[in-house]
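Q: 3D, please:
(4 chains)
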4 protein chains.
Amino acid sequence: MLLKHYFVSKIAHSSYILAGKNYCAVIDPKRDVELYINEAKQLGVEITHILETHLHADFVSGHIELAARTGAVIYAPESGKCLFDHVGVSEGDVIKLEDMELRVLETPGHTPEHVSYVVADTSRSQEPLGVFTGDTLFVGDVGRPDLFPDRAEELAVKLYHSLHEKLMKLPDYCEVYPSHGAGSLCGRAMGAKWRTTIGFERNFNTAVQIKDESDFVSSLTSNMPPAPDHFSRCSSINKTGPALASALPPLEELSAVDFRSKMDDPDTIVLDIRDYDSFGSQHIPGSWNISFRGNFPTFAGWVMPTDKKILLVASSAQEAAEALIWARRSGVDGITGFLDGGMFSWVLQGFPTAEVRQLSSETLHNMVTGSLNLILVDVRAPGEFEHTHIEGAVNIPAPELRSRYEELDPKKTIVLICSTGHRSSLGTSILKQHGFEDIFNVSGGMTGYSKAGYARQCRVCEIPHGSRYFSK
Amino acid sequence: MLLKHYFVSKIAHSSYILAGKNYCAVIDPKRDVELYINEAKQLGVEITHILETHLHADFVSGHIELAARTGAVIYAPESGKCLFDHVGVSEGDVIKLEDMELRVLETPGHTPEHVSYVVADTSRSQEPLGVFTGDTLFVGDVGRPDLFPDRAEELAVKLYHSLHEKLMKLPDYCEVYPSHGAGSLCGRAMGAKWRTTIGFERNFNTAVQIKDESDFVSSLTSNMPPAPDHFSRCSSINKTGPALASALPPLEELSAVDFRSKMDDPDTIVLDIRDYDSFGSQHIPGSWNISFRGNFPTFAGWVMPTDKKILLVASSAQEAAEALIWARRSGVDGITGFLDGGMFSWVLQGFPTAEVRQLSSETLHNMVTGSLNLILVDVRAPGEFEHTHIEGAVNIPAPELRSRYEELDPKKTIVLICSTGHRSSLGTSILKQHGFEDIFNVSGGMTGYSKAGYARQCRVCEIPHGSRYFSK
Amino acid sequence: MLLKHYFVSKIAHSSYILAGKNYCAVIDPKRDVELYINEAKQLGVEITHILETHLHADFVSGHIELAARTGAVIYAPESGKCLFDHVGVSEGDVIKLEDMELRVLETPGHTPEHVSYVVADTSRSQEPLGVFTGDTLFVGDVGRPDLFPDRAEELAVKLYHSLHEKLMKLPDYCEVYPSHGAGSLCGRAMGAKWRTTIGFERNFNTAVQIKDESDFVSSLTSNMPPAPDHFSRCSSINKTGPALASALPPLEELSAVDFRSKMDDPDTIVLDIRDYDSFGSQHIPGSWNISFRGNFPTFAGWVMPTDKKILLVASSAQEAAEALIWARRSGVDGITGFLDGGMFSWVLQGFPTAEVRQLSSETLHNMVTGSLNLILVDVRAPGEFEHTHIEGAVNIPAPELRSRYEELDPKKTIVLICSTGHRSSLGTSILKQHGFEDIFNVSGGMTGYSKAGYARQCRVCEIPHGSRYFSK
Amino acid sequence: MLLKHYFVSKIAHSSYILAGKNYCAVIDPKRDVELYINEAKQLGVEITHILETHLHADFVSGHIELAARTGAVIYAPESGKCLFDHVGVSEGDVIKLEDMELRVLETPGHTPEHVSYVVADTSRSQEPLGVFTGDTLFVGDVGRPDLFPDRAEELAVKLYHSLHEKLMKLPDYCEVYPSHGAGSLCGRAMGAKWRTTIGFERNFNTAVQIKDESDFVSSLTSNMPPAPDHFSRCSSINKTGPALASALPPLEELSAVDFRSKMDDPDTIVLDIRDYDSFGSQHIPGSWNISFRGNFPTFAGWVMPTDKKILLVASSAQEAAEALIWARRSGVDGITGFLDGGMFSWVLQGFPTAEVRQLSSETLHNMVTGSLNLILVDVRAPGEFEHTHIEGAVNIPAPELRSRYEELDPKKTIVLICSTGHRSSLGTSILKQHGFEDIFNVSGGMTGYSKAGYARQCRVCEIPHGSRYFSK
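A: Okay, here's the model as predicted:
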């Protein structure tokens, strides 16, 4: 057997090809599946099995797409009651693939229907060699059980039992292949390493170390990072079976004139994916800004309405095309076109623009030490804010500005800051949609502000492990 | 014989491969010569001849580079007294290449040493089939004789005689292969078409139609577009023989910290080649802005000091690498490095930035109709300005701001405008270097302003032929 | 106006984009039209006009495909009675495109419905600046009038009048833009140069020099190169409107087992496009060999049955994909799949193979000087054979072996030779299909044989102009 | 910490990047090091450590190249007495890299100086998380101790102790990162999987299961696959420090005429890397054939003289360029040029060629059942031969034909067979160099022969594990 690992950055998603001599399985595939098809061809094997550990919350899975393009059979948890063609699996089921056996363990907790697949290479031994743990057990962390808010405690209990009665019964030497690495919002403190072993986690995984069930539950149901809006949406899409990418409309190249005319449709919104400096300098009034360079898929999934058509403003046609793929990974399927020639073609038509000015660290420093009429809004997650922030700043995470803008006084000067400038620029775009005028974005964010040595106002400490997903 | 044509945009330069069965000549090559080498390989021929029509003023030629890499012999005007290894050619010389003959005509005027090469395909006829006219005769235009300001009249007289006593003696059917097309500053009114015939130009070329010598001279020595600074520099470089590209230092990738430390050297300047909106939003204080998207090689050649080391700020590593090539085409060889990670890496260090705000057409309109304390500077060429401008604007071409900034009152609000925004942004970078603070750039320029329908202040008319080189 | 020229090798086809500021016309496009679409985008113009000079015989035109993808209008000769949506044009019609005018001249001769388009750039003059002559007038040659064998004389007369009463009435300086260059079978002696002028051709074009009508007719109706089978087919396809490439089945990748099973269908044939040495070493019994490296589109069009499904054996998947495009240019639309993994995957299945041994020049020399029982078949065109051949060789052009194999004695050793080895290898594949066993191919052909100095048997002379299309 | 794995096919070599937040180590790098440099850049880390587990026998390592290009420090076993700049490491040494610690274990056996590096991620625990075992412990196998033939027993004893007293003392959960996977000649029975754990190998590794020292030694010193000639050479090169790739001459493109003239030098040999069918059809007399598609680096290292200049015949320029890299990985640095245009350009010159005919399975079957005068030579390794072969075949491994050709009667028909045809074609090229004339190669080899169902003569069984390296 051969095991290959594939990692999608930003959403920090791991998928795998498990191959024998002639056939292979793909475990938890991403939605854009060409990679697996090409790799299988290069390995000289046919994709015959697609294994889902659970209904993923943070991304749209590629199970349907891959099945449609290869004819492979989908295996998914029986209890998930999925609506697409599949083989439902439950505790004890064994899937054979040449001289490999994949035995099903039911390991609910992160989600109610979650299973793990224990692998044996029978050419070497009947004993387990590794286990695909999905979002149950990670490197240094476990899956968060709080994504269904009213079931958090029930699921935390299940997770406790899945860990101690199922996974921790496996031998120390058994390798662990999770579905996420550091940066994913499906846990809060994953390590950057992509794999681990049962023994190492048994001994050194903080969550597994909590032997008391109720301590475990209370730990796992408090201080979790926020769960983006698309998490419940993706679960539901994955259960129904997402649209085939080939069935979605291609990305249309629109002249400035056509672009503007399509904007008249009230069901159409504009998403500007350029860097914050370009966006700030001039953008189409009313547009959203989620920088492609930042954690685009997470924030696009989080804040973009899915009942609207979305038109992109990008810095190149290629960037627009890549953004389309990333957005679809987060279940944002509404993107239909992009502005051909970018903002340059827009201004050559003399069309109106709006601006958000960028503040350098130095200017910000002068403002916060001098100004009276200033509100400094730190749009990072609470965990980040608690560790380090500028005195006097208020904390409203960027996505929450969609409703919490009302807490701010539109007559005052409002300065937004995050870790580097991407999320705060998203924040500025939200505030502008609600009529705020006197807004600034801090370019370089807290990172630049600290580096510039304005540390007197700034409690400097390490950014905590779990908020790493925000940092790029 | 086979003739292939190669066009370099922005400087609107035409070069040619003239190939037989086994050998070929390259006429007026550009400095980066891989293209010719690859094409010759594909045609199955060896490059044995390199023909220069004259010492080009507007770009650094590839004669030395191509000779070094292929072993081909350079042919250049005898009277040019070139300092590199070459065969000097003069009136009546014949260069044989398989069954082709290239006969030399001395055609001074654009430059004193200029020659043309008349081609015969002796397998078909001894009669001339075409002529490489360099910058003597263009499609719809003739070469400007005013590049050596104190010799303009003398050269205009020579040009008159070169045209009427040499080129116009060729048969009507003889094809004309010039070294430039529309957009070049070596003429003022070239057509977009790349080639023509002697007969067509004899009948319909405006300059050739001026039969009286003194009328011709006075026409050709007035109302010429400005001659950029690098024109005399390039002539001199081409005469000496430019440095081999391989002898120049490679482009260094510099971290923000290293970049800033190199800036301490007083002989180092910063050139920001991003679009004006990115530049305007935040840039390194004191940097120049010449947008790579605009006519980068012309303005880089025009304004950048050549006795300085130049560090680039670009929107990508690839853009920086391409800019290096374009700058070298204009004899700007001082670029040594670029900012790795772009402005994003700069602000993450908390380093200081400066800004220039962009004005939309609408905002500009409101300002010019309302403001009292405003100076609107139109930085286009005089020819463009005369045709169309906003009432009250003053005209200072962008490169002239290097010295003429003193005409402006730094206490007033200064708004810069050009045709699309690129040149005016260059203008803002110059003014900021001289301490001006309250500066705006008009995004979209006169193009957007006209399209937006603010035509009352604007005498609308066609942009004249000869200023096309500014328009993109 | 701007004129850009595009050349397709092997079929030596020239097409053009004629562009104004915002719109452009494409003249005589090739079937795979992405190039024009991309170029128009880069030029910043929209394709609004598609101009056909005539119903091309040697290739399938891209008019229908380009119209479908751009919405442009097709202009074609009225008298062609084309079956697709178009504007029929006839003598004197004028097509306006910004400040350009294209005036229609009816110039029958090469085909009955042929027109030429005379171009004026009205911004410079009403006088003709150039003319798209299609296959009426070439560089150094005229279109052959013998493609409709029983109408050859009638068409030659028409051609005479088209030349002298239409095209030669244009001014000397008028440029000529033909649809073919050296290597095309639509003429017999074209120059390698891609364009010319009316004046030059008036004076030095051999065919135009024949002033007597009947001399002209008899010259043009004798000693023409053979007209491949697909010439009449392509005319008819172009008249009806070829299938859209997007409507044709994609190329299927077939395992050796699937490939062999599809071969059982009597309507399926195998085309091996590898070099003759690979083909000779081992190939699928019964397959055709047309080397992709040779003049693939011409010979594929010439000999491949169009009522069969065709499976490819290639040296790579990319070569197969390119061959598909080239075959479609010649109206061979039947290719449906290729052998995944090539011959290597075939022999790993232990499937049967056949061979054709290659002879080096030296071995051939020894054989022809020694053997008694040998037939040396020179498969080049009669014109090539007459100029140079090995004593004792018989001449049967490769495509004619399809029927003339009966002239050969299958009991004798048969050696096939052409100029380089490609066409003779095609010949061997045909003979093997008819049961010949003892066959050799001369690797390097007459070219190698002459270079090796076995010139005693070989009347050495220049390969005639008109047969250049065979030589690569 | 982040661990990334890189695999080089054919030589089945694994190398690793072990990265912290800002710095990283590369373990056992390959000679062409661009990959590591690019990956480090993408990960945002600097390469500061290069770790060698031992002096690799089967490939030339990239330690010197990588150090030269990054300034990183090389760590290598003290006892290896390496001649390049490095830090020598021995038992108990600890290398710190951010919050990672690499502790040195001396684990001789495969080679005398071998060390392993035990990794701890101190942010999680001081306990070992993984170990870089080099060629001491593989997935399912251990390193062979017989590469220094006269020290085999001594090294096997050391290996026994390294395994049981060092590696097996690590905890079950400790991950194992070896330097080779299935296909490498550094072991005989590795699994395809790239990593494992101490616990799994403790329980299921066949060699580790042999608890008795003398049984272990006798098992490890018998029935080993052959050790190619370059194994001792590479060790010595790695000790001295291989030449920098940039110091080696670039690959020269040679015309057929130049190629032939360089062949006159008695110190120059020709290596044909095309597939066996192309080689067989026509090749340059006297040339070697090692198909690039087969295990090129192993056989090139094995049989090519290193005191000669080598000229390549390839199927494309790109294939030649890639072969250069692969050859250098095996310490074959003598390649200086390739034949531009391939064999086609050779035969167009009429230069002499030689041939080797290919036999299909069917023809072979008829020959072996009918012929009297036939010698069937199976050139696979003894292990492969023992498992399956055609009755009557004699076994001489391909590389041994260099001396053992004398065992064959040059007057008889000799047929060579291997598993697929590549190695047997190498065999034919060797025999031809020694004057054999009547030679055939079996296309498809034993694989095709079995598939074709000629199994009566063929003892069918599974190909043994350890000989997998020959099979592709």
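Q: Tell me who's in contact with A:F7.
A: Taking CB atoms under 8 Å, 6 or more residues apart in numbering or on different chains, we find A:F7 in contact with A:13-14, A:181, A:194. Where you see a C-beta, it was placed from the backbone N, CA and C, and this is true even at glycine.
Q: Could you list which of those residues belong to strands?
A: Within these, membership in strands is found for A:13-14, as judged by DSSP state E.
Q: Weed out the non-buried ones from the contacts of A:F7.
A: Buried subset of the contacts of A:F7 (neighbour count, 16 or more other CB atoms under 10 Å in any protein chain shown): A:13-14, A:181, A:194.
Q: In JSON lines, list those along with distance to chain C and pLDDT.
A: Written out in JSON lines, the entries for the buried ones among the contacts of A:F7 read as follows (distance: CB to the nearest CB, whole Å; pLDDT from 0 to 100):
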{"residue": "A:H13", "distance to chain C": "29", "pLDDT": "97"}
{"residue": "A:S14", "distance to chain C": "30", "pLDDT": "98"}
{"residue": "A:G181", "distance to chain C": "34", "pLDDT": "95"}
{"residue": "A:W194", "distance to chain C": "32", "pLDDT": "96"}
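Q: one step back: with distance to B:P112 as extra columns, can I get the contacts of A:F7 in JSON lines?
A: JSON lines is the format used below for those (distance: CB to CB, whole Å):
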{"residue": "A:H13", "distance to B:P112": "69"}
{"residue": "A:S14", "distance to B:P112": "71"}
{"residue": "A:G181", "distance to B:P112": "70"}
{"residue": "A:W194", "distance to B:P112": "70"}
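Q: quick one: which of the contacts of A:F7 is nearest to A:H365?
A: Compare each of the contacts of A:F7 with A:H365 using CB to CB and the shortest gap goes to A:G181, at 36.3 Å.
Q: Tell me if I'm right that that closest one and A:R195 touch.
A: No - with contacts counted by CB atoms under 8 Å, A:G181 stays clear of A:R195, the gap being 9.1 Å.
Q: which residues do these two both contact?
A: Shared between the contact lists of A:G181 and A:R195 (criterion: CB under 8 Å, 6+ apart) are residues A:V139.
Q: Which strands or helices does the helix or strand A:V368 falls within pack on?
A: Applying DSSP states H and E as the criterion places A:V368 in helix A:361-370. Contacts defined by 3 or more CB pairs under 8 Å, 6 or more residues apart in numbering or on different chains; DSSP states H and E place helix A:361-370 against strand A:374-378, strand A:413-417, helix A:445-451.
Q: For burial, what's the neighbour tally of the nearest residue to A:I396 once chain neighbours are set aside?
A: Taking CB to CB, 6 or more residues apart in numbering or on different chains, and ignoring the residues beside it in sequence, A:I396 has A:R404 as its nearest neighbour in space, at 5.1 Å. For A:R404, the neighbour count with other CB atoms under 10 Å in any protein chain shown is 14.
Q: What of the one 4 residues further on?
A: For A:L408, the number of neighbouring residues by other CB under 10 Å comes to 18.
Q: who in chain A is up against chain B?
A: Listed as neighbours of chain B in chain A under the rule CB under 8 Å from any CB of the partner chain: A:275, A:277-278, A:280-282, A:293, A:315, A:343-344, A:346-353, A:355, A:357-358, A:360-362, A:420-421, A:443-445, A:447-454.
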